[in-house]
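Q: curious how this folds, go ahead:
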Amino acid sequence: MKKFILIILALVVFAMPVFSEKLMSRRDVLKYAFENSDGLARIQAEREKVVEMRREYYGKAFPDINAAFNYVFAPDLNGDSPSFVDGIAPFLRTGATEDEPTPADWFINDMALAKAIDGALGGMASMMSAKNTLMWEISATQPIFAQGKVRTGLRIADIALETVDEQYREAQFNLAQQIINAYNAALMAQQNLIIQQDALVIAEESHRLALARFNSGRGTVLDTLNTRFAVQQAVLRLREAEKGHRLSIKSLANAAALPNDNFTLSDTLVIPHFNLSEEAAWEEMQRNNASLRLLNKAKKLQSEQTTLARTDYRPIVAAFANIGQVNLFNNSDEFSGSDSWRWRSQIGLGVQMPIWNGGQRRSRMNQMRIEELKLEKQESEATSGLRLALAAAYEDLAVAREELSQTEQMLVLAEQGFRISQLAFELGQLTQLELNNNEQNFRMAKLAQNSAVFKINTAVVNIARLIGNDNLIALGN
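A: Residues are numbered from 1 along each chain as shown. Take a look at the predicted model:
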């Protein structure tokens, strides 16, 4: 009974990792990546910053209201009070007597030193007759025309928001391409692992037949050695396939920022349905390519920046008003007097007209125009590069489709040849070496087919990213 319980516990322990694995489709992995990507989170934070910048520009259209409280102490340095020298004059006489110490005796006579200090401080206090000012004020400034900077700034903020949204979309496309390619690579590694597992089963069965033929006197020792060697090779290939599968899963988990690689792929690697012509793709790419759309927003933003620089030539008109009280006093009686606090207020309109600032405004305008020209050249260069990238992607697709067509024909022939060779080997009409060659052809044809299907998927995903197909980043079914 105890042994039975231990067996059950062991089965549960070994089965827990299997049942704890989570099935994940491409969209599941992509959704997790979008929600946990540091790059996307950074762009989203940048968007929030631009929203706050827009609010800041919007606030510049409203009054600027401030409160102030000031205290000023102004000593009277020009009055008729005794001076500092007068305070210590009695102690600067040179005709000293026995009853009166000389200046040299001050430093050894405490009484004389104390009298000197008292006289000096008394002179300073009399000299500083204070004048105090206490005031408070509330002021407001309302821009009436601020060179058009507020309106232009709001337009810049709106375009900046659109630009950040395009950056987010472009980052989504790049991340989606990386995730889907990694997922498909893991699927290919998984299918290659199955092929190597089947190859090991075939090698072990061939070895069993070789031993049976040898024991019945119809085979040779060389056949058994060859089949045993084939089994060892199949084991090594299986280990390599297992390693490739584990690494592909880890690579997918790393690309999608998954917490671990304890998951199972639920989708399969199939041939995608794609029949969009290259010319139609080129037209769609010009409209929807994320990089081109981002450059277009950058051009609009730079145009508004140029407009903002042009506003420096316009005047600034603002209204202002303030109200407050002032109290001038020398002592507490004056501070608390009935007429000590006096009101003062102002209201007015100000105009500031730019005339000349050393050519700085003209230099700034020239810089803005140069930036516009640079963006024009950058857009032209990017368009040419993307056109070439699209053509290369269609070339990759055509080559991959041709490769798949060839491998499918090879697979049919290799499978037929292997089945026939198995029967011939069992009848003793084929050597072990010939059987191994046919098995290798069959296995390589299946691997080549998987590789061709993967290349087709990669090319289609690349084209979808280039043309800005939103289905690539859609998270729905």
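Q: what are the buried residues along stretch 393-411?
A: By neighbour count with 16 or more other Cβ atoms under 10 Å, stretch 393-411 contains the buried residues Ala393, Tyr394, Asp396, Leu397, Ala400, Arg401, Glu403, Leu404, Thr407, Met410, Leu411. C-beta: built from backbone N, CA, C; applies to glycine.
Q: which ones among the residues you listed are found in helices?
A: Under the assignment DSSP state H, the buried residues of stretch 393-411 contribute Ala393, Tyr394, Asp396, Leu397, Ala400, Arg401, Glu403, Leu404, Thr407, Met410, Leu411 to helices.
Q: output those residues as CSV; include the columns distance to Arg155 and pLDDT.
A: Formatted as CSV, those follow (distance: Cβ to Cβ, whole Å; pLDDT from 0 to 100):
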residue, distance to Arg155, pLDDT
Ala393, 37, 96
Tyr394, 39, 97
Asp396, 42, 96
Leu397, 42, 96
Ala400, 47, 96
Arg401, 48, 95
Glu403, 52, 95
Leu404, 52, 95
Thr407, 57, 94
Met410, 62, 93
Leu411, 61, 92
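Q: quick check, nearest of those residues to Phe73?
A: Distance ranking of those against Phe73, using Cβ to Cβ, places Ala393 first at 78.8 Å.
Q: what sits against that closest one?
A: Ala459, Asn462, Ile463, Leu466 (Cβ atoms under 8 Å, 6 or more residues apart in numbering).
Q: only the buried subset of those, as a PyMOL command please.
A: Command for PyMOL that selects the buried part of the contacts of Ala393, burial taken from 16+ other Cβ under 10 Å:
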select buried, resi 459+462+463+466
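Q: quick one: name whatever helix or strand follows the lowest-mean-pLDDT helix or strand in the chain.
A: Every helix and strand of the chain was ranked by mean pLDDT, DSSP states H and E. The lowest is helix 110-127, at a mean of 42. Sequence-wise, the next helix or strand downstream of helix 110-127 (DSSP states H and E) is strand 132-146.
Q: buried residues, that following strand. List them.
A: For strand 132-146, burial by neighbour count (16+ other Cβ under 10 Å) applies to Leu134, Met135, Glu137, Ser139, Pro143, Ala146.
Q: surely the third one touches Asn322?
A: Yes - the pair Glu137 / Asn322 is scored as a contact, 5.5 Å apart, by Cβ atoms under 8 Å.
Q: out of the contacts of Ala393, the closest to Ala74 would be?
A: Leu466 (74.9 Å).
Q: can you list the domains in this structure?
A: Under the assignment automatic domain parsing, the domains of the chain span 21-59+147-314+357-472, 75-129.
Q: just checking, Phe73 touches Asn132?
A: Yes - between Phe73 and Asn132 there is a contact under Cβ under 8 Å: 5.8 Å.
Q: quick check: Gln178 vs Leu30, distance?
A: Shown here: Gln178 relative to Leu30, a distance of 10 Å by Cβ to Cβ, to the nearest Å.
Q: between those two, which is the more surrounded one?
A: Counted by other Cβ atoms under 10 Å, Gln178 and Leu30 do not tie: Leu30 has more neighbours, with 22 against 17.
Q: in this protein, what spans have low per-residue confidence?
A: Within the chain, the ranges that satisfy pLDDT under 70 run 1-21, 78-130, 476-477.
Q: hang on, the earlier thing: now, the most widely separated pair of the contacts of Ala393?
A: Using Cβ to Cβ, the pair of these lying farthest apart is Ala459 and Leu466, separated by 10.6 Å.
Q: CSV for the buried residues of strand 132-146, including distance to Phe34?
A: Below are the buried residues of strand 132-146 laid out as CSV (distance: Cβ to Cβ, whole Å):
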residue, distance to Phe34
Leu134, 61
Met135, 59
Glu137, 54
Ser139, 50
Pro143, 43
Ala146, 41
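Q: just those residues now: which is nearest Ile316?
A: Ala146 (5.8 Å).
Q: mind listing the strands for the stretch 251-400 of the chain?
A: Per DSSP state E, counting those that start in this stretch, the stretch 251-400 of the chain carries strands over the ranges 263-265, 316-329, 341-352.
Q: can you list contacts of the shortest one?
A: Read it as strand 263-265. With contacts defined as Cβ under 8 Å, 6+ apart, strand 263-265 is touched by Glu21, Lys22, Leu23, Met24, Ser25, Tyr183, Ala186, Leu187, Gln190, Ile249, Ala253.
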